[in-house]
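In: pasting the sequence and the predicted model now:
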Amino acid sequence: MRQRHILFANVQGHGHVYPSLGLVSELARRGHRITYVTTPLFADEVKAAGAEVVLYKSEFDTFHVPEVVKQEDAETQLHLVYVRENVAILRAAEEALGDNPPDLVVYDVFPFIAGRLLAARWDRPAVRLTGGFAANEHYSLFKELWKSNGQRHPADVEAVHSVLVDLLGKYGVDTPVKEYWDEIEGLTIVFLPKSFQPFAETFDERFAFVGPTLTGRDGQPGWQPPRPDAPVLLVSLGNQFNEHPEFFRACAQAFADTPWHVVMAIGGFLDPAVLGPLPPNVEAHQWIPFHSVLAHARACLTHGTTGAVLEAFAAGVPLVLVPHFATEAAPSAERVIELGLGSVLRPDQLEPASIREAVERLAADSAVRERVRRMQRDILSSGGPARAADEVEAYLGRVAP
């Protein structure tokens, strides 16, 4: 296939950027020119994947979601910051490429407004990426997230609806907001196995379920347990909703004086010092490569967002979930439970005895482990970045020969 210029538009977020990097690397390896809109936080990794970087300033540098969700007007604020983030990505791409548009616009599901408006402005085909569940006429991740957080569709919030109508109008789009929101691209790359997708049987050839990106790890020094015979537990609440030192203290206390070795990834917002002295079999890091710990883990205790879930399943590790900590975790956590791949701790169960009992019960459940192994096989056989690149090239060949 002849070389193409492909623009990637993505939001600042580990669970959005990282799944795309394998595809970027594979397309660049095949000779395509890749331009990628991102923030300084991910610029080095995007460059290393083989892309030219276009920087934008993220609204989330100063907008702290865990604080906003507690406020009375949280619904309006969260919808509006979503629109502002899309506009920031949109403007950065327009300024960088101007009248020299790419051959294809590839956009993440979060900044889909920016991606679709860029494609419309330049009259170019587009491909959607999603590291979470795909959406079609039968299932919508956006709607599930709004429902789990007690929010309405942005089109039903007057202050947000007017902003969206004005933005779309500037690009000649007069489609009603709800219809625009639900329109489906000719190709969506889904970074999970089809067996994990709700209503999987309703998704047609427009959707390629390629599984998570598991490449780029060879040669990296990996974490090793201090005792080779110790059962290992990984604990994490992700990157956004981790300011809960009491939870991490309870986890440390739960496994003190036990054979378990506990690795806690507490995020950049917490200083490990606030946890106080930890038992000798517990270690805390602001960040650690999950896959290096999961390679040795017997169980993982996490909030349940899709990226963390798939990372654990790719390593064959079952999950104990605490989804109430993260606004976006409910849909994937519910799917984990539906498929029998883990268990849930309620907010009233987050004391040491209950945490330890849940982890040890899960680790001993051979039926759960077998179901997790089947999901692991599905992930490893989904095709990964090579299949994703094949799908993109085939699509380009059909719509822009």
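Out: Okay, I see it.
In: so where's the stretch 201-350 of the chain uncertain?
Out: Along the stretch 201-350 of the chain, segments meeting pLDDT under 70 span 215-221, 239-242, 269.
In: 80 - rerun?
Out: For the stretch 201-350 of the chain, applying pLDDT under 80 flags the ranges 215-221, 238-243, 268-270, 326-328.
In: and the strands in it?
Out: For the stretch 201-350 of the chain, the strands defined by DSSP state E, counting those that start in this stretch cover 207-209, 232-236, 261-265, 282-285, 297-302, 319-321, 342-344.
In: so which elements touch the fifth one?
Out: For strand 297-302, the packing partners by 3 or more CB pairs under 8 Å, 6 or more residues apart in numbering; DSSP states H and E come out as strand 232-236, helix 306-314, strand 319-321, helix 352-363. Heads up, the C-betas are built off the backbone N, CA and C, glycines and all.
In: what does that strand contact?
Out: 231-238, 251, 294, 308-309, 312, 315, 317-322, 345, 355, 359, 362-363 (CB atoms under 8 Å, 6 or more residues apart in numbering).
In: domains for this structure, by residue range?
Out: With automatic domain parsing as the criterion, the domains of the chain are listed as 5-211+382-399, 232-380.
In: hmm, back to that, make TSV out of the strands of the stretch 201-350 of the chain and add distance to residue 142 and mean neighbour count.
Out: Output for the strands of the stretch 201-350 of the chain, formatted as TSV (distance: least, CB to CB, whole Å; neighbours: other CB atoms under 10 Å):
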stretch	distance to residue 142	mean neighbour count
strand 207-209	16	22
strand 232-236	25	26
strand 261-265	28	24
strand 282-285	33	19
strand 297-302	23	25
strand 319-321	21	25
strand 342-344	23	21
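In: out of these, which gets nearest to residue 36?
Out: Nearest of the strands of the stretch 201-350 of the chain to residue 36, taken as CB to CB: strand 207-209 at 20.1 Å.
In: by contact count, what packs against that closest one?
Out: Under the contact criterion of 3+ CB pairs under 8 Å, 6+ apart, strand 207-209 touches strand 188-190, helix 384-399.
In: re the thing from before, out of the helices and strands packed on strand 297-302, which comes closest to residue 399?
Out: Taking CB to CB, helix 306-314 is the member of the helices and strands packed on strand 297-302 nearest to residue 399, at 28.1 Å.
In: list of residues touching the closest one?
Out: For helix 306-314, using CB under 8 Å, 6+ apart, the contacting residues are 14-15, 18-19, 131-133, 191-192, 196, 211-212, 214, 234, 236, 238, 290-291, 294, 297, 300, 302, 318-319, 332-333, 336, 341, 372, 375-376, 379-380.
In: in the stretch 1-150 of the chain, where is pLDDT below threshold?
Out: Those would be 1, 64-70, 72, 148-149, if you go by pLDDT under 80 across the stretch 1-150 of the chain.
In: 90 - rerun?
Out: By pLDDT under 90, the low-scoring segments of the stretch 1-150 of the chain are 1-2, 13-15, 60-75, 98-99, 141-150.
In: need the helices for the stretch 51-200 of the chain, in chain order.
Out: 65-68, 74-97, 112-122, 141-148, 158-170, 177-182 (DSSP state H, counting those that start in this stretch).
In: with just CA atoms, put the longest one into PDB.
Out: This means helix 74-97. What follows is helix 74-97, C-alpha atoms only, in PDB (Å, rounded to 0.1, in the frame of the first residue of the first chain):
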ATOM      1  CA  ALA A  74     -20.900  18.600  38.600                       C
ATOM      2  CA  GLU A  75     -23.000  17.400  35.700                       C
ATOM      3  CA  THR A  76     -22.700  20.700  33.800                       C
ATOM      4  CA  GLN A  77     -19.100  21.200  34.700                       C
ATOM      5  CA  LEU A  78     -18.100  17.700  33.500                       C
ATOM      6  CA  HIS A  79     -19.900  18.000  30.200                       C
ATOM      7  CA  LEU A  80     -18.500  21.500  29.500                       C
ATOM      8  CA  VAL A  81     -14.900  20.500  30.300                       C
ATOM      9  CA  TYR A  82     -15.400  17.600  27.900                       C
ATOM     10  CA  VAL A  83     -16.300  20.000  25.100                       C
ATOM     11  CA  ARG A  84     -13.500  22.400  26.000                       C
ATOM     12  CA  GLU A  85     -11.000  19.500  25.800                       C
ATOM     13  CA  ASN A  86     -12.300  18.600  22.400                       C
ATOM     14  CA  VAL A  87     -12.000  22.200  21.200                       C
ATOM     15  CA  ALA A  88      -8.400  22.300  22.500                       C
ATOM     16  CA  ILE A  89      -7.500  19.200  20.400                       C
ATOM     17  CA  LEU A  90      -9.400  20.600  17.400                       C
ATOM     18  CA  ARG A  91      -7.600  23.900  17.400                       C
ATOM     19  CA  ALA A  92      -4.100  22.400  17.900                       C
ATOM     20  CA  ALA A  93      -4.600  20.100  14.900                       C
ATOM     21  CA  GLU A  94      -6.000  22.900  12.700                       C
ATOM     22  CA  GLU A  95      -3.100  25.200  13.600                       C
ATOM     23  CA  ALA A  96      -0.500  22.500  12.900                       C
ATOM     24  CA  LEU A  97      -1.800  21.200   9.600                       C
END
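In: run the chain-centre distance for it.
Out: Chain-centre distance of helix 74-97: 18 Å, with CA atoms, centre = their mean, to the nearest Å.
In: next one: the first one
Out: Distance of helix 65-68 from its chain centroid, counting by CA atoms, centre = their mean, is 18 Å.
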